[in-house]
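1. predicted structure and sequence below. I'll ask about it afterward.
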Amino acid sequence: ESTLAAAAAQSGRYFGTAIASGRLGDPSYTTIAGREFNSVTAENEMKIDATEPRRGQFDFAAGDRVLNWAVRNGKQVRGHTLAWHSQQPGWMQSLSGGPLRQAMIDHIKGVMTHYKGKIAQWDVVNEAFADGSSGARRDSNLQRTGNDWIEVAFRTARAADPAAKLCYNDYNVENWTWAKTQAMYAMVRDFKQRGVPIDCVGFQAHFNNDSPYNSNFRTTLRNFAALGVDVAITELDVQGAPATTYANVTNDCLAVSRCLGITVWGVRDTDSWRPEHTPLLFNGDGSKKPAYTAVLNALNGG
Ligand code: G3I
């Protein structure tokens, strides 16, 4: 096959990208995105600050632009993200305790009800674990509402849209030996044992020189899948975009039957949140990089 989407579909997987609504007027961008990818994540437009700028007043204009572009072009959508310490609107940042807990619940219900039946996977909770060796939860206003905030978010989400796969999503959890990975694993195992509704784990896979790709990523994917959840690579980008690393990550997903697919975090290097790392599959002029060919060849089986 000659596109990432068609090549991934040979094994029942998708190949996705983050889409920024502000770039949908750029024909080079939409041509590449429309041709190569069959899954879309809104880079910012479905986040808390975008969708509920004032408490109880939802704004889906930008999120709908991304969703409608995806639907018109035959792509599935990953929803990103419902409960997160970052990109909270000012009103939420200033809440704590019971009112914040209720605001989180109301936000999840409001957004998921609007998009009900249209989202394949939701990142229900994003980045709840601390970096470093502690294995602790990240300190945040949400965490300070009580350690059960994550399971409350998942139960709320299941009730709001039973058709969506519900994911926990994080970064620096690809290396099996890291404390953060082990902490996330213990949480997912506990959720599965207690019947908390979780369907998938998203591995962002933002690799750089400080947290590089390690070949034990495949072990991590396998071990999570063995808990009875699907896994997905949700925000892939790699500093310098070495073709070998991109091929390895692709083959890691292909090696795990419960790996649903791969999403790269942007189309061209110039669309990236860290353009100085040139971490993506296309150059700014729209041409394909060696990493693109490496991914396509891997998806095509060799
Ligand atoms: O929209 C405003 C614009 O009006 C303003 O003029 C401009 C000035 O700074 O800012 C614009 O907002 C920026 C927004 O991206 C849209 O471009 C924000 O400042 C900027 O902080 C925001 O960055 C996003 C970042 O999440 C915020 O946390 C990146 O685009 C986005 O790629 C990044 O994505 C995250 C995932 O959601 C979670 N995992 C990590 C990943 C990378 O950081």
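-> Sure, I can see it.
2. going by C-alpha atoms from here, please, whenever you check contacts or count neighbours.
-> OK.
3. got the phi/psi numbers for Val124?
-> Main-chain torsions, Val124, degrees, to the nearest 10: phi -70, psi -50.
4. mind checking pLDDT for it?
-> Val124 is assigned 99 on the pLDDT scale.
5. from memory it sits against Val152, does it?
-> No: in this structure Val124 lies outside contact range of Val152 using CA atoms under 8 Å: 10.4 Å.
6. for the two, indicate the residue with more neighbours.
-> Set Val124 next to Val152 and count neighbours by other CA atoms under 10 Å: Val124 wins out with 26 against 15.
7. quick one: the helices in the chain?
-> 4-9, 27-36, 48-51, 61-72, 90-93, 97-114, 149-160, 179-194, 217-226, 243-254, 290-299 (DSSP state H).
8. averaged pLDDT, the fourth one. What do you get?
-> Taken as a whole, helix 61-72 has an average pLDDT of 98.
9. buried residues, that helix. List them.
-> Neighbour counts using 16 or more other CA atoms under 10 Å place 62-67, 69-70 of helix 61-72 among the buried residues.
10. who's in contact with the residue of the stretch 151-300 of the chain found nearest the ligand?
-> The ligand sits closest to Trp273 of the stretch 151-300 of the chain, with a gap of 4.7 Å, by CA to the nearest ligand atom. Listed by CA atoms under 8 Å, 6 or more residues apart in numbering, Trp273 has no contact partners.
11. need the pLDDT of it.
-> pLDDT, read off for Trp273, is 98.
12. likewise for the one 10 residues further on?
-> In this model, Asn283 is scored at 98, pLDDT.
13. could you tell me how many residues sit around it?
-> If we define neighbours as other CA under 10 Å, then Asn283 has 16 of them.
14. hmm, it is touching Ser272, no?
-> No: with contacts counted by CA under 8 Å, Asn283 stays clear of Ser272, the gap being 10.7 Å.
15. do you know how far the residue of the chain most remote from its centre is from Gly110?
-> Distance from the C-alpha centroid of the chain peaks at Gly98, with 27.9 Å (CA atoms, centre = their mean). Distance of Gly98 to Gly110, given as CA to CA, to the nearest Å: 18 Å.
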